[in-house]
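Q: Next input, structure requested:
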Amino acid sequence: MVLLSPRQQQVLKATVRHYIDTVEPVSSNTLVQRFHLRASPATIRNAMVWLERQGLLRQPHTSAGRIPSQQGYRHYVDALLPHGGSQVERLQRELNGLGLQFQWTALDDLLRFLAGRLADLTGLLALITRPTPPTPRLRTMRLVSSGERLVLMMVDRGGNMATLNIRHPPARPQDVLLLERWLDHQLRSGGKIDWQALPSQHRGLGRPVQLAFENHLRQFPLAVDGMVAVGLGGLVTQPEFHQGRHNLRDLLQLVEERPEELLQEQPQQCSTVLGAPRLQHVSIGREHKTPTLAACALVKVPYGGHQGTRGWVAVLGPMRMAYETIIGSAHSVAAALERLLV
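A: The predicted structure follows:
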């Protein structure tokens, strides 16, 4: 991380704040006037030039002012994030008042209500997953040889079973048993099948099983832990997407058809805020593994449920988001869920 002087920190923080509020590049004169900086516009301009050279600011056009870069937002989140402010405090007070009236409602109704409050406050897409046990979803895989067919039976942790019939030349019973044991070991070790680690002696039988399994997942994916999403309308009206600067169609398709990819990300972590006893995960721009999210930022906060279950509270928006409000609000919702679901 680049070390900044107090003045450089002040200028970066003000530039981020101005761009979040206005979606407009900012000049040194505007920063001095709006944020009452105790320096001349020339001094502030020099600081902005230095920050641009360090990759923390960028100039979208030659004659324009400057805006934060992806690295600028990252530095802001990691080192300069202020208190969440009055909006977060109001939400916290509201959520603290939730009690018995929600203890008898359906879980999805509670999640939808909380996601709605989070979406209303942030103006972005709020997602909350149902709390689930930290165990592999696919519990076991069994193979049965039947003439020229191999039957693959898959059982998830909920007891649901799916069966695949795979055409294959007759296989020796010991080969079927050894492949089944390898599959079982994979599930017990990592909760999923690492087909690249398939031993060479199993490949003749294992490759057809792999192809059938992966084709099955593409057509009938194993159920992902439930999720409620509220606020898509707010997301699509953000200037970054409304003005067509980014591929909104691909983003909508991701949210509607493959929402689990949003929560499979392993982004960077930054320090907690508001004294919350948990870390939030913040991924910005091209830190995402999913290319569709290259223009977005995602904030995720974990929450714990009954008997060791865990879920996520998340907010998706453009990189230009009010991180302090969103992170603080997500923490508040996560804390409310932990209190209500114990």
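
Q: Every contact and neighbour count from this point should use C-alpha atoms.
A: Noted.

Q: Quick check on Ala295: phi, psi?
A: phi -100, psi 10 (degrees, to the nearest 10).

Q: what number of residues lie near the closest residue to it other than its chain neighbours?
A: Nearest residue to Ala295, sequence neighbours excluded (C-alpha to C-alpha, 6 or more residues apart in numbering): Gly285, at 4.9 Å. Residues near Gly285, counting by other C-alpha atoms under 10 Å, number 22.

Q: In this structure Gly285 contacts Leu293, no?
A: Yes - using C-alpha atoms under 8 Å, Gly285 is in contact with Leu293, at 6.6 Å.

Q: who's in contact with the nearest residue to Arg38 once chain neighbours are set aside?
A: Residue nearest to Arg38 in three dimensions, not counting chain neighbours: Val32, with 7.4 Å by C-alpha to C-alpha, 6+ apart. Residues near Val32 by C-alpha atoms under 8 Å, 6 or more residues apart in numbering: 38-41, 44.

Q: Does Val32 lie in a helix or a strand, and which?
A: helix 28-35 (DSSP states H and E).

Q: Pull the distance from that helix to the chain's centre.
A: On the basis of C-alpha atoms, centre = their mean, to the nearest Å, helix 28-35 sits 34 Å off its chain's mean C-alpha point.

Q: before we move on, what about stretch 306-315?
A: 13 Å.

Q: mean confidence for the helix holding Val32?
A: Averaged over helix 28-35, pLDDT sits at 97.

Q: Tell me the helix or strand right after that helix.
A: By DSSP H and E, the next helix or strand past helix 28-35 is helix 41-53.

Q: Tell me the strands beside the following helix or strand past that following helix, with direction?
A: Per DSSP H and E, helix 41-53 leads on to strand 57-58 as the next helix or strand towards the C-terminus. Paired neighbours of strand 57-58 in the sheet (DSSP bridges): strand 67-68 (antiparallel).

Q: Contacts for the partner strand, please.
A: For strand 67-68, using C-alpha under 8 Å, 6+ apart, the contacting residues are 12, 15-16, 19, 24-26, 56-60.

Q: Reformat those residues as JSON lines; add distance to Arg90.
A: Formatted as JSON lines, the contacts of strand 67-68 follow (distance: C-alpha to C-alpha, whole Å):
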{"residue": "Leu12", "distance to Arg90": "28"}
{"residue": "Thr15", "distance to Arg90": "26"}
{"residue": "Val16", "distance to Arg90": "24"}
{"residue": "Tyr19", "distance to Arg90": "24"}
{"residue": "Glu24", "distance to Arg90": "29"}
{"residue": "Pro25", "distance to Arg90": "31"}
{"residue": "Val26", "distance to Arg90": "31"}
{"residue": "Leu56", "distance to Arg90": "32"}
{"residue": "Leu57", "distance to Arg90": "33"}
{"residue": "Arg58", "distance to Arg90": "35"}
{"residue": "Gln59", "distance to Arg90": "36"}
{"residue": "Pro60", "distance to Arg90": "36"}
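
Q: Among those residues, the buried ones, what's the PyMOL command?
A: The PyMOL command for the buried members of the contacts of strand 67-68 (criterion: 16 or more other C-alpha atoms under 10 Å) is given here:
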select buried, resi 12+15+16+19+25+26+56+57+58+59
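
Q: Just name the closest of the contacts of strand 67-68 to Arg142, please.
A: Comparing those against Arg142 with C-alpha to C-alpha places Leu56 closest, at 53.4 Å.

Q: on that earlier part again, direction-wise, compare the helix holding Val32 with helix 41-53 and give the angle.
A: Angle, helix 28-35 to helix 41-53, by axes from the mean of the first three to the mean of the last three C-alpha atoms, to 10 degrees: 110 degrees.

Q: If you count neighbours, what's buried in helix 28-35?
A: Neighbour count says helix 28-35 has 28, 30-32 buried, by 16+ other C-alpha under 10 Å.

Q: I'd like those laid out as a markdown table, including distance to Leu98.
A: Shown next, in a markdown table, are the buried residues of helix 28-35 (distance: C-alpha to C-alpha, whole Å):
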| residue | distance to Leu98 |
| --- | --- |
| Ser28 | 46 |
| Thr30 | 43 |
| Leu31 | 41 |
| Val32 | 43 |
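
Q: which one of the residues you listed sits closest to Ile193?
A: When the buried residues of helix 28-35 are compared against Ile193 (criterion: C-alpha to C-alpha), the nearest one is Leu31, at 53.9 Å.

Q: Show me the shaky parts of the stretch 151-300 of the chain.
A: 157-160, 190, 217-225, 242-247, 264-279 (pLDDT under 70).

Q: For the nearest residue to Gln210 once chain neighbours are set aside, give its distance to Ala42.
A: Counting by C-alpha to C-alpha, 6+ apart, the nearest residue to Gln210 once its immediate chain neighbours are dropped is Trp195, at 7.2 Å. Distance of Trp195 to Ala42, given as C-alpha to C-alpha, to the nearest Å: 60 Å.

Q: How about Ile166?
A: From Ile166 over to Ala42 (counting by C-alpha to C-alpha), the distance is 73 Å.

Q: Looking at these two, which one has more neighbours?
A: Set Ile166 next to Ala42 and count neighbours by other C-alpha under 10 Å: Ile166 wins out with 18 against 11.
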